[in-house]
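Q: Quick one: sequence plus predicted model below, questions after.
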Amino acid sequence: MRLSRAVLTAAVVSLTAAGLPASATAATAAPERSVTDVVPAPVAAKADPRGDFRLTASTVITADSGAGQVADYLRGLLRPATGYPLPVVPHADGLPAISLKLGPDSRIGTEGYQLKVARNGVTLKANTADGLFEGVQSLRQLLPSAIDAQRVQHRTWTVAGGTILDYPRFAERGAMLDVARHFFKPDQVKRYIDQIAQYKVNTLHLHLADDQGWRIEIKSWPKLATVGGRTAVDGDPGGYYTQAQYQDIVAYAASRHITVIPEIDMPGHTNAAQSTYAELNCDGKAVPPRTDTEVGYSSLCISSPITYKFVEDVVRELAALTPGPYLHIGGDEAHSTPPADYLTFERKVQPIVAKYGKKVTGWHEIAKSVPPVSAVPQYWDFGGDNPDVAAAAARGNKILMSPANFAYLDMKYTPQTPLGQDWAALIEVRDGYNWDPASLVNGVGESQIAGVEAPLWTETIRTSDDIEYMAFPRLPGIAEIGWSPKSTHNWDAYRARLAKQSPRWVVQGIDFYRSPQVDWK
């Protein structure tokens, strides 16, 4: 115990030097939040006010083999505000510890976890590193909001006591960022990755190409990025990711246990490519660049062999850069592509994706082509009847739910919202929360759903502040729909828990919309 006593003495010295009396270490501040306040709501949570744990300079983090990356991530979260060393060690040796453990538990699957906070330590158990990571997101919510500060805060760090048992309702909880209408630099994308990871989002869908800009370097068609990437909506500055930058984003997302799904929209939404390479047009003439926000006017030349060489080159290079299992091939709003040509295109392109070891995902229009059962149509319409989607679900395809009138983060909150659009709906916080994926589309039930995704289209979005204002506070609600049991879905309970998130966002510098529907703390 000599090491423990020495470290504890150092903690007292540190606190005294900071202007706090040593007796402050004996005081326990009341937690800001309880285990029952976590967002998304856990499967089961039981508070224990007598089990509060105090994080001190003597606390260590222990990690089983295979848990080291998550332990390092947790240490990185806790050190800036506390100033504590928080070493990651194999064994606590009598020191107060946050312990990350891997072990079999048939109840919690691949992303579930158990969390126990007691006076003598914190124990987080999961079957996988993914589960530990999601458990860390709950654990960090049990600390004071000041834990997210980037400078040392001299205060008592109390972790709310209690137990949580938790696992997701759906396997995929996604966010989409449109970087084609307006370009966002790698650091801005990483900032969004960190923000969405807090709410157990595990997929980032990057919309990399559209009429207004092409955002990914393709070495076999180099002008796609250098020329097609120059433009953006309203003539704003464009940009693109080099392949190295894209791989860095993918790796950063993976460090937050998020899988990147890249999208190249086709056969429509292709004006940026067609204005760059004349041969992609049936008449061999390049079309003018477009920076307006109209949709549905562009189409690749379905009868041309060059089109499929182009598609294969893009798919081949993007697949090699993307370790995740899916490539998104768009397929929406192809109004200028005759229906027969659309089916021809899809039936030629989908096998190309498979050739390079990836599964197809695309907007729900691809369901018309009877894709392989491994394909995931992404539903973006308003709910109700959709025979093609229902038929795909009946054949075995999982459907990803992104209804525009509930889940599109670019929709205005109210008519007065300074950003966004309103063609699908006005989506206040309650509207974005009060829907159920399993009753949205007739004929598509719980077992046929892959998950949910919150798209953020960027026709009017130019800055990280803009992203945050439209995503928060709606994104946590959609994440809860994807993660939490249906039985926990209750607006009044949710709005109370959501209100307690706002001090964290303030510390993190998130520019969120203070909806009058929520009594913010």
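A: Everything's here; your move.
Q: For residue 45, list each beta-bridge partner.
A: In this entry, residue 45 is beta-bridged to residue 164, by DSSP bridges.
Q: Am I right that it is in contact with residue 114?
A: No: if you go by CB atoms under 8 Å, residue 45 and residue 114 don't touch, sitting 11.1 Å apart. Glycine gets a C-beta too; all of them are placed from N, C-alpha and C.
Q: Which residues are in contact with each of these two?
A: Listed as contacting both residue 45 and residue 114 by CB atoms under 8 Å, 6 or more residues apart in numbering are 163, 164, 165, 166.
Q: Report pLDDT for the third one.
A: I take that to be residue 165. Residue 165 is assigned 98 on the pLDDT scale.
Q: how about the nearest residue to it, chain neighbours excluded?
A: Using CB to CB, 6 or more residues apart in numbering and skipping the chain neighbours, the partner closest in space to residue 165 is residue 44 (4.4 Å).
Q: quick one: contacts of the helix or strand harbouring residue 469?
A: For residue 469, the host element (DSSP states H and E) is helix 464-471. With contact meaning CB under 8 Å, 6+ apart, helix 464-471 is reached by 175, 177, 184, 188, 191-192, 195-196, 409-410, 419-420, 454, 456, 458, 460-461, 510-513.
Q: again, only this time at 7 Å
A: 188, 191-192, 409-410, 419-420, 456, 461, 510-513 (CB atoms under 7 Å, 6 or more residues apart in numbering).
Q: helix or strand right after it?
A: Going down the chain from helix 464-471, the next helix or strand is helix 474-483, by DSSP H and E.
Q: Please report which of the shared contacts of residue 45 and residue 114 has the highest neighbour count.
A: When the shared contacts of residue 45 and residue 114 are compared by neighbour count (other CB atoms under 10 Å), residue 166 ends up highest, at 27 neighbours.
Q: correct me, but that one touches residue 109?
A: No: using CB atoms under 7 Å, residue 166 is not in contact with residue 109; the gap is 10.4 Å.
Q: orientation of the helix or strand residue 130 falls within relative to helix 474-483 in degrees?
A: Following DSSP H and E, one finds residue 130 within helix 129-141. Between helix 129-141 and helix 474-483, the angle comes out at 130 degrees (axes from the mean of the first three to the mean of the last three CA atoms, to 10 degrees).
Q: Give the other helices and strands that helix 129-141 contacts.
A: Packing partners of helix 129-141 (3 or more CB pairs under 7 Å, 6 or more residues apart in numbering; DSSP states H and E): helix 68-82, strand 113-118, strand 121-126.
Q: looking at those, which is closest to residue 250?
A: The closest of these to residue 250 is helix 68-82. By CB to CB, the value is 15.8 Å.
Q: Helix or strand next in line after that closest one, which one?
A: Moving toward the C-terminus from helix 68-82, the next helix or strand (DSSP H and E) is strand 88-89.
Q: So which residues make contact with that following strand?
A: Contacting residues not belonging to strand 88-89 are listed as 60, 61, 62, 63, 68, 71, 72, 75 [CB under 7 Å, 6+ apart].
Q: quick one: the nearest residue to residue 59 once chain neighbours are set aside and residue 90, what's the gap?
A: Of all residues not flanking residue 59 in the chain, residue 96 sits nearest, at 5.0 Å (CB to CB, 6+ apart). In this view, residue 96 and residue 90 are 16 Å apart by CB to CB, to the nearest Å.
Q: again, but for residue 283
A: Taken as CB to CB, the span from residue 283 to residue 90 is 68 Å.
Q: Neighbour count: the two, which is higher?
A: residue 90 (11 against 8).
Q: Identify the residues contacting that one.
A: With CB under 7 Å, 6+ apart, residue 90 has these contacts: residue 62.
Q: ok, now with 8 Å
A: Applying CB under 8 Å, 6+ apart, we find residue 90 in contact with 62, 63.
Q: tell me the secondary structure for the closest residue to residue 472 other than its chain neighbours?
A: Nearest residue to residue 472 in three dimensions, chain neighbours excluded: residue 512, at 3.8 Å (CB to CB, 6+ apart). Classification of residue 512 by DSSP: H, G, I helix; E, B strand; the rest coil places it in coil.
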